[in-house]
Structure formats: structure tokens, C-alpha cells
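>>> just to be clear, the model below is a prediction. Sequence and coordinates:
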Amino acid sequence: MKNILITGVNGFAGQAVLKRLKDMDVFVRGAIRGVSMHATHAPFRPNELVAVGDIGPDTDWSCALAGVDAVVHLAGKAHTVNGGKDQAREFYRVNTQGTERLCKMAASSGVRLFIYVSTVKVHGETSAFRPFSEKDIPAPVGDYATSKLRAEQCVHAVTAGSGMKAVILRPPMIYGPGVKGNMSRLVRLIDMGVPLPLSSVRNRRSLLNVSNFADLVARLIGRPISETNTFLVSDGQDLSTHELVRLLAKALGKKARLFPCSPNTIRSVAGLLKRRDDAERVIGSLVIDSSLIRKELNWTPPYSVWSGLQDTAAWHTNQKRK
């Protein structure tokens, strides 16, 4: 496949995919929201940028899809700022209806492969006694995860009646240079030397190095896809939160400042602060079995967790110097 469209090309995952694809003999077009985005400071630029406006049920993707062989759909709404009904509606407008619109127009435009990046959260916020696998019945919690699952269902419905095939990826937390959200906050706290009550936490979390994610997308684009499929994907090396803190501290050249505190106490305090969900993401377990995609693609993640955390720490340090 020679002509690729990436949505969310200026995001941290989009930049990693773009960087990886630039090593291949392909033409990459990036979809951006508006003309002002042309002035972006993103370090990697696609061959062409196309403004499509806000993503939703009425987005016109015609120009972006012209001549495209494959779509990598990364753009979406991931974070709730103020919550409430308006935020919930936005999840479904962007993630569900926006994906359905793009998928339908891609199929009509002759696109052969549609790669949709969903989330492991369609299975739930925590894995109980065993890793999640593709065989598990989805059990999303909250509007974000539900909107992503409904988008997956739209992708299946569209591809079932067309010549286009789709690959749906369900990653856990993706980390690496440019990461935002909880991982970015954790790196800052460690770098500041803030003591963290996590040495008693014995959970397990699956992670995905953004370089491994980009390599996987490149592998999918470079091979024929015979049928629509869904895959869980991770680095294959699961960590407890306190192990993650120690490794990040080492990468930052800092000493991990951890002290013991029972998970139940952490939950209680977080509940009083109305941050119970945030606490569960830190102390709960979320483990996935990503063996299926390794078998199907004969793919082994080329980058280690340690190299990804080193890259994350180096990026954070460089950002402080600017």
C-alpha cells in the first residue's frame, strides 16, 4: 500500500506512526482540524496535510481520502474536562459517529484497509483473575469506553458490506516521548521527588511502547489483510505500579521515593477527594493477553519497556530545558 491517511497525525502516537512510515516507500497524508494547525510544532511532517474540520457525523473526508489505500484512524476524544451530559454526547459524536462517517466514506472511496485504534477499556477498567483476551465479552465502563466499543461495531458493520477490510487494535496505556495524561503526571511527580504511597501495591499493568505501536501499524500496512479482525496489543512485559515508578526514576536519574500504604487506604482517601477512578487506574490491575496478534502477524515487539521508559524520561528532561 502506497498512500496512507493518518488522522490525529500531530498527536504523540500519530507522530510515532508517521516517523515509522517515513522509513517506508509510502506517501502519508495527515488529516488535521483546521488551517491554523499548519503552524504546528510537531517534529515530523507528512507529505501532505488536509484540513477536515471537527470530527463528527457530518465531516467531509473527500479530499483527505482521495487516492488513499489505507487509513490509520487515531483521532478521537479521550479526556473529559468538566464531565456532564455535554461531554458524554461529545464522546459519541466524535468517537462513534465520527468513526462511522470516516469508515463509510473510506469504503466508498476504495480504501482497502481501515486501521481503527480503540482501547483495552472496552473490556473494563480492571482485569480480575486473568488477562483479558479477544474472546472476552466487552464490558465497557463509562461513556468513553462505550463510545469506542460502539465505534468498533460500526466498523464491523461497514466492512461487512464492502471490499474494505479493517483491523481494530485495543491497546492499553501507550507511553513514550510526548505522552500526556497519567503517565506524564507520574513522570513529573517522580522528577520532583514527591513521595508516593505505592510500595505496597502489588498490581499488574500491561503497557505499550509507542515505538512498538508504530512498528505494528507499519507491519499491518505492509502485509495483505484477508479479513476484518480485532486484536489486543501490548509490550508483553507487565509491571506493577511500584515497579514502573522505580524504572522511571532510574531513567530520570532520580531515587524512587516510595512508602507503604494499603490499597484500601488509598481508595478511601481517593474517595474523599472524589478521585476514586484515578486511584483505581494506579493501584488496580489491567492485564491483557496479546499473543493472538503476535501469532497472526509473526510479530515480536522490537522495543523493550525499559527503552520506552528511557525515551519518555529523556523527552521529559528535554522539555524542561526549553
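Looks like it came in fine.
>>> burial count for Pro140?
A count of nearby residues for Pro140, using other C-beta atoms under 10 Å, gives 18. Heads up, the C-betas are built off the backbone N, CA and C, glycines and all.
>>> excluding its backbone neighbours, what's nearest the most centrally placed residue in the chain?
Centroid check for the chain by C-alpha atoms, centre = their mean gives Ile174 as the closest residue, at 5.2 Å. Distance criterion C-beta to C-beta, 6 or more residues apart in numbering; nearest residue to Ile174, sequence neighbours excluded, is Leu208 at 4.8 Å.
>>> which other helices and strands does the helix or strand where the one you found lies contact?
Applying DSSP states H and E as the criterion places Leu208 in strand 207-209. Packing partners of strand 207-209 (3 or more C-beta pairs under 8 Å, 6 or more residues apart in numbering; DSSP states H and E): strand 173-175, helix 305-321.
>>> quick check: the residue nearest to the centre of the chain touching Ala214?
No. With contact defined as C-beta atoms under 8 Å, Ile174 and Ala214 do not form a contacting pair (9.9 Å).
>>> what touches both of those two?
Between them, Ile174 and Ala214 share these contacting residues under C-beta atoms under 8 Å, 6 or more residues apart in numbering: Ala13.
>>> picking that back up, check the gap between the residue nearest to Ile174 and Ala107 for me.
For Leu208, the distance to Ala107 equals 28 Å [C-beta to C-beta, to the nearest Å].
>>> looking at those two, which has the bigger crowd around it?
Leu208 (27 against 21).
>>> strands of the stretch 201-322 of the chain, start to end?
With strands called from DSSP state E, counting those that start in this stretch, the stretch 201-322 of the chain shows them at 207-209, 229-232.
>>> pick the most deeply packed of those strands.
Stretch with highest mean neighbour count among the strands of the stretch 201-322 of the chain: strand 207-209 (a mean of 25; mean count of other C-beta atoms under 10 Å).
>>> list the strands paired with it, with their directions.
strand 173-175 (parallel) (DSSP bridges).
>>> average pLDDT for the strand it pairs with?
For strand 173-175, mean pLDDT rounds to 95.
>>> same thing with stretch 265-280?
84.
>>> name all residues that make contact with Val28.
4-6, 9, 18, 21-22, 46-48.
>>> ranking the residues you listed by neighbours, who comes first?
Leu5 leads those on contacts (other C-beta under 10 Å) with 29 neighbours.
>>> who's that one bridged to?
Following DSSP bridges, Leu5 is listed with bridge partners Arg29, Val71.
>>> touching, it and Val72? I think so.
Yes. At 7.1 Å, Leu5 and Val72 qualify as touching, with contact defined as C-beta under 8 Å.
>>> for the stretch 151-300 of the chain, give me the ranges with low pLDDT.
Within the stretch 151-300 of the chain, no stretch has pLDDT under 70.
>>> need the helices for it, in chain order.
With helices called from DSSP state H, counting those that start in this stretch, the stretch 151-300 of the chain shows them at 181-192, 210-221, 241-252, 263-272, 276-283, 291-297.
>>> which one of those lies nearest to Pro131?
Nearest of the helices of the stretch 151-300 of the chain to Pro131, taken as C-beta to C-beta: helix 291-297 at 9.4 Å.
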